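# no sequence on hand, only this structure:
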């Protein structure tokens, strides 16, 4: 065997030994085993508080509104039903139809800034000071922006908890500019 062949085999053996040593590090029986969390601890950690669940449901609702008019007409109602219920669902569907008739579409994204979440007997109220300054309506024929939102828009949203345990917006009220 040539000197180059021996060096290649020696390097291979050395790298293999190092690899095996690294792979088996921590597998000795002399070390104490770390306790894994119980399934009840994991489930409790994964379950958000009711307030956090309401805040997430509201945030999901706003994100859906940002793209509601681009949803396929045949699945739009079903997809929107995941984040809203009547009367809000009918209002959004009507608004989309009105926009389509006028060749309008939404653009941009609204930034949610939840100020408060209040749980009520069978529902919740979210107060939001959202930033819609990078969102608005545009003309779908010309792509010209028709309007733009504001830096601070005072919002009150009412949510209901469904029989499936999920929170959904039932009413979305724009209280005005400024918070």
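Good, I have the coordinates. Quantities reported herein were computed from a predicted structural model and do not represent experimental measurements.
# list phi and psi for the spatially most central residue of the chain.
Centroid-nearest residue in the chain: residue 60, 5.4 Å away (criterion: Cα atoms, centre = their mean). Main-chain torsions, residue 60, degrees, to the nearest 10: phi -60, psi -40.
# look up how far residue 104 lies from it.
Computed with Cβ to Cβ, to the nearest Å, the distance linking residue 60 and residue 104 is 24 Å. (C-beta placed from N, C-alpha, C; glycine too.)
# for this protein, just list every one of the helices.
Taking DSSP state H, the helices of the chain run over residues 3-24, 39-46, 50-67, 76-80, 88-101.
# comparing the ones you listed by mean pLDDT, which bottoms out?
In terms of average pLDDT, helix 3-24 trails the rest of the helices of the chain, at a mean of 39.
# now for the longest strand belonging to the chain, which elements pack on it?
When the chain is parsed with DSSP state E, its longest strand is strand 167-177. Under the contact criterion of 3 or more Cβ pairs under 8 Å, 6 or more residues apart in numbering; DSSP states H and E, strand 167-177 touches helix 50-67, helix 88-101, strand 153-161.
# present the ones you listed as JSON lines; the columns should include distance to residue 136.
Converted to JSON lines, the helices and strands packed on strand 167-177 look like this (distance: least, Cβ to Cβ, whole Å):
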{"stretch": "helix 50-67", "distance to residue 136": "11"}
{"stretch": "helix 88-101", "distance to residue 136": "12"}
{"stretch": "strand 153-161", "distance to residue 136": "12"}
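# if we compare the ones you listed, which one ends up closest to residue 125?
With respect to residue 125, and counting by Cβ to Cβ, the nearest of those is strand 153-161 at 5.9 Å.
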